[in-house]
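Q: sequence and predicted structure are below.
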Amino acid sequence: MDLKRYVPIAVLAAFLAGQARAADTVCLDSRNITDSRAKDSHTIIFRMIDGSRWRGTLAQDCPGLNYNGFTMFPADSDRVCAGQQLIRVLQNHQVCRIDTLTPIPPRAP
């Protein structure tokens with residue numbers, strides 16, 4: 001069996017798998033975020049211009065987040081993306097990553 005023929009196929013398959021994951025990544029346009037607040041030590045709520053709300057769940061517990069505030073340093077200046085966006089707690093400088101972004105259903109009238 002000639003492995004040289006199969007290596008390019010494996011490289012292409014890995015590339016396409018990475019592209020599929022990137023296409024599935026949820027991102028928010030940072031220019032449309034009007035407010036972001038920590039709900040607890042592992043959840044941030046984003047309010048958007050259109051009135052929608054999104055829940056950002058952190059990959060790990062980030063102590064002090066909801067008491068001391070935070071800053072975001074974007075992986076991409078125009079977007080806040082799940083799995084990529086990092087935040088820093090103001091008081092202890094702990095860095096945490098937003099793991100998932102999920103829409104919050106509108107409140108019933």
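A: The structure has been received and is ready for your questions.
Q: helices or strands next to whatever helix or strand Ile45 lives in in the packing?
A: Assigning secondary structure by DSSP states H and E places Ile45 in strand 43-48. Applying 3 or more C-beta pairs under 8 Å, 6 or more residues apart in numbering; DSSP states H and E, one finds that strand 43-48 contacts strand 33-40, strand 53-58, strand 95-104. C-betas here are computed from N, CA, C, even on glycine.
Q: now do stretch 39-52, average pLDDT.
A: Stretch 39-52 shows a mean pLDDT of 95.
Q: pick the most buried one from the helices and strands packed on strand 43-48.
A: Of all those, strand 53-58 carries the top mean neighbour count, a mean of 18, counting by mean count of other C-beta atoms under 10 Å.
Q: centre of the chain to that one, how far?
A: How far strand 53-58 lies from its chain's middle: 8 Å, per C-alpha atoms, centre = their mean, to the nearest Å.
Q: how far off strand 95-104 does it point, in degrees?
A: For strand 53-58 against strand 95-104, the angle between stretch directions is 150 degrees (axes from the mean of the first three to the mean of the last three C-alpha atoms, to 10 degrees).
Q: give me the contacts around strand 53-58.
A: By C-beta atoms under 8 Å, 6 or more residues apart in numbering, the surrounding residues in contact with strand 53-58 are 28, 36, 39, 41-48, 65, 80, 82, 85, 87, 96-104.
Q: mean confidence (pLDDT) on the following helix or strand past it, please.
A: Downstream of strand 53-58, the first helix or strand assigned by DSSP H and E is helix 65-68. For helix 65-68, mean pLDDT rounds to 85.
Q: what packs against helix 65-68?
A: When contacts are defined as 3+ C-beta pairs under 8 Å, 6+ apart, helix 65-68 packs onto strand 33-40, strand 86-89.
Q: measure the most centrally placed residue in the chain to Phe73 for me?
A: Per C-alpha atoms, centre = their mean, the C-alpha nearest to the average position across the chain is that of Ala82, at 2.1 Å. From Ala82 over to Phe73 the distance is 16 Å, taken as C-beta to C-beta, to the nearest Å.
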